[in-house]
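Chemist: Kindly generate the corresponding structure for this input.
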Amino acid sequence: MLRLLRKRSAQKKGLPPGTPVYVGEERREPVSISLIDFDASRCEEKPLASAVECAAHREGRRVAWINFSGIHDARLIEEVGERFGLHPLVLEDIVNTGQRPKLEDHDEYLFVSMKMLSRKADGEVDGEQVSLVLGPGYVLSFQEKPGDVFEPVRERVRQAKGRIRSRGADYLAYSLLDAVVDNYFVVLEGLSDRIEALEDVLVDRPAPAALGRIHRIKKELVYLRKAIWPLREAIAALTRVDSQLVDESTRAYLRDVYDHAIQALEVVEAYRDVVSGMVDTYLSSISNRMNEIMKVLTIIATIFIPMTFIAGVYGMNFERMPELKTSWGYPAVWAVMLLSSAIMLVYFWKKKWIGGR
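Modeler: Numbers count the residues shown, from 1 in each chain. Here you go, the predicted model:
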């Protein structure tokens, strides 16, 4: 994926600033556009086919939420930007999936970019670029692919739950931000389960494969930090922005989202500390396991040392060794060897080198 991003980023070389060039995974499916147009009394939901249809809802009397599932059609995004008066640099950021989360105040509208996180089938963290444009009476949301965390928001709009139908576009934008940040905790919970399972593996049966799992989790935590840290600052700026687009009553809810972002970031930092110590735990477990193996081998070798000594003495080629001529010589040697081994085992047991801890 990094190679693909580098290849597509190279396509922007030499182009003037503000030229929208899609940077991300290659996609061929058409961009899907959906509209939810609502006020306190009614809600209308339908698909849209073009930027012209989108622009028809720019200055409606109701709140219009236009969602784009797919940003790989740079020409369509550019057309939408022209219809809504978006700055070319904003369009460039929308189609760049590697864009850092941020907030920009363009007077007539506010632009927010962020990362929407999810979990893959194998439990690993996955993320995609999401951009919001908050204007007077409308919210534009751009995401890389179909499927998102906004379905609870859609249901609240459809069923008129809570305050969302009676408030403005700023409250809708807050609800989308809140849905993204709340889902961070779902992702972090899954990551916590993986970390706990890995800790058990490191203590019970450390293996080289565990070291690879540690490094994968560390990379995911770095990605999470890069996604949450700047978003926290963007939300903080949104609570303080001097804009008529954000009502004073909505700022209290935005401050709540800011608190949630801080909590998510603190969880990520705590997990980073835990995972950083896992390498030491792995090395300690491997060392302890090796020490146990060496201990067993040393005890076995020590038990056989006197037996080897006796066998070596009577294995010498001397003619005058009285014990060789006696009838009790062979069993006597065995008795001495077994007795010496038994004495050493008792000694090891009393020293607690073997047996109970």
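Chemist: Verify the stated contact: D126 with R119.
Modeler: Yes: between D126 and R119 a contact is recorded at 6.8 Å, counting by CB atoms under 8 Å. The way it works is simple: take the backbone N, C-alpha and C, and place the C-beta from them, glycine included.
Chemist: Could you check how far the closest residue to A207 other than its chain neighbours is from A270?
Modeler: Spatially, and ignoring its direct neighbours in sequence, A207 is nearest to V201 (7.5 Å; CB to CB, 6 or more residues apart in numbering). Between V201 and A270 the computed distance is 20 Å (CB to CB, to the nearest Å).
Chemist: So the two - more neighbours on which side?
Modeler: Regarding V201 and A270, a neighbour count based on other CB atoms under 10 Å identifies V201 as having more, with 17 against 12.
Chemist: just checking, what packs against the helix or strand encompassing the more buried one?
Modeler: Using DSSP states H and E, V201 falls within helix 169-204. Of the remaining helices and strands, those touching helix 169-204 by 3 or more CB pairs under 8 Å, 6 or more residues apart in numbering; DSSP states H and E are strand 63-69, strand 110-119, strand 125-135, strand 138-143, helix 151-159, helix 208-240, helix 248-313.
Chemist: Map the structural domains onto the sequence of this protein.
Modeler: In the domain annotation for the chain, the residue ranges read 2-284, 295-350 (automatic domain parsing).
Chemist: a markdown table for those domains, including mean pLDDT?
Modeler: Converted to a markdown table, the domains of the chain look like this (pLDDT from 0 to 100):
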| stretch | mean pLDDT |
| --- | --- |
| domain 2-284 | 88 |
| domain 295-350 | 82 |
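Chemist: any idea which of those domains is most buried?
Modeler: Between the domains of the chain, the one whose residues have the most neighbours on average, counting mean count of other CB atoms under 10 Å, is domain 2-284 (a mean of 17).
Chemist: Could you report the neighbour count for the closest residue to K295 other than its chain neighbours?
Modeler: What sits nearest to K295 in space, not counting adjacent residues and going by CB to CB, 6+ apart, is W353, at 7.4 Å. Here the count is done by other CB under 10 Å, and W353 has 12 residues near it.
Chemist: Find me the pLDDT at W353, would you?
Modeler: According to the per-residue confidence, W353 scores 76 in pLDDT.
Chemist: isn't there a strand covering it?
Modeler: No: assessed with DSSP: H, G, I helix; E, B strand; the rest coil, W353 is coil; it does not lie in a strand.
Chemist: For H87, what are phi and psi?
Modeler: Taking degrees, to the nearest 10, you get phi -70, psi 140 for the backbone angles of H87.
Chemist: Now it. Nearest residue, chain neighbours left out?
Modeler: With CB to CB, 6+ apart as the measure, H106 is the residue that lies nearest to H87, at 6.0 Å, once sequence neighbours are left out.
Chemist: and P206, what is it in contact with?
Modeler: Shown in contact with P206 (CB atoms under 8 Å, 6 or more residues apart in numbering): 282, 285-286, 289.
Chemist: My understanding was that G190 contacts E124; is that so?
Modeler: No: the criterion here is CB under 8 Å, and G190 misses it with E124 at 9.1 Å.
Chemist: T19 contacts E92, correct?
Modeler: Yes: A contact is recorded between T19 and E92 when judged using CB under 8 Å, the distance being 6.6 Å.
Chemist: So the residue nearest to K295 sits against V296, correct?
Modeler: No: counting by CB under 8 Å, no contact exists between W353 and V296, whose distance comes to 10.4 Å.
Chemist: isn't the residue nearest to H87 right up against L89?
Modeler: No: no contact is recorded between H106 and L89 when judged using CB under 8 Å, the distance being 9.6 Å.
Chemist: Give me the distance between the residue nearest to K295 and R289.
Modeler: Counting by CB to CB, the separation of W353 from R289 is 17 Å.
Chemist: Next: D182.
Modeler: Following CB to CB, the distance that separates D182 from R289 is 42 Å.
Chemist: Fine by me, thanks again.
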